[in-house]
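Chemist: Predicted coordinates and the sequence they were generated for:
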Amino acid sequence: MTAARSRRKHDDPDLEIFHLLRAVAVEYGLRQAAFAAEHGMHVTDVRALIRLLDAERAGIDATAGFLGAGLGLNSAGTTAVIDRLERLGLVSRVRDVHDRRRVLLKVEDHAKDLGWSYFGPLIDKTVSVLPGFDERETAAVRLFLQTALDALTSQPT
């Protein structure tokens, strides 16, 4: 089947959900860009902070290599991002207590407070609807978002 023939029709109701997801991603990207501009950062710096916060939440030691892979950057680009974030007092480099040769990246509390002051109301408003969902609805939302994430991360950038 050719690419043109495999495309869904523009009025396919299943696409509405994907289009909503895409609209959310675009709007969130615009908020990230506004936050970055307001705080003297590049939007890649904001993405880096998000990656580092996600790693912290998951209990993953974040190194420069981890961050670069997560952002699709080479070592020079990764170093530039880390240097900018360090200059802004948002990230620090710390020696791994288990392997002193390894340097880990730590998001400073100031960065968390800054992010929460900006994105907190958006997060609160977004998740406030979830208590109204039953377990099956919550599971369906989680499954859809995880499947979308898996589809995106399985495609080369």
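Modeler: Right, received. Where do you want to start? Numbers count the residues shown, from 1 in each chain.
Chemist: tell me, how many neighbours does E137 end up with?
Modeler: 11 (other C-beta atoms under 10 Å). Every residue, glycine included, has its C-beta placed from N, CA and C.
Chemist: same question, V107
Modeler: Around V107 there are 21 residues (other C-beta under 10 Å).
Chemist: Now it. Its backbone dihedrals?
Modeler: phi -80, psi 130 (degrees, to the nearest 10).
Chemist: Verify the stated contact: it with L53.
Modeler: Yes: between V107 and L53 there is a contact under C-beta atoms under 8 Å: 5.7 Å.
Chemist: any idea how far the nearest residue to A111 once chain neighbours are set aside is from E108?
Modeler: Nearest in space to A111, with sequence neighbours left out and distances taken as C-beta to C-beta, 6 or more residues apart in numbering, is L90 at 3.8 Å. Distance of L90 to E108, computed by C-beta to C-beta, to the nearest Å: 6 Å.
Chemist: More neighbours: the two, which one.
Modeler: Neighbours were counted for L90 and for E108 using other C-beta under 10 Å; L90 has more, 23 against 15.
Chemist: And the more buried one, how far from A139?
Modeler: Per C-beta to C-beta, L90 is found 35 Å from A139.
Chemist: where does the protein have its least confident helix or strand?
Modeler: When each helix and strand of the chain is scored by mean pLDDT, DSSP states H and E, helix 3-6 comes last, with a mean of 50.
Chemist: Spatially central, which residue of the protein would that be?
Modeler: Per C-alpha atoms, centre = their mean, the C-alpha nearest to the average position across the chain is that of I50, at 4.7 Å.
Chemist: Show me how far the helix or strand hosting A36 is from its chain's centre.
Modeler: Using DSSP states H and E, the element containing A36 is helix 13-38. Offset of helix 13-38 from its chain centre (C-alpha atoms, centre = their mean, to the nearest Å): 12 Å.
Chemist: Stretch 59-69 too?
Modeler: In terms of C-alpha atoms, centre = their mean, the centre of stretch 59-69 is found 14 Å from the chain centre.
Chemist: same check, this time on stretch 111-131
Modeler: The answer for stretch 111-131 is 14 Å, by C-alpha atoms, centre = their mean.
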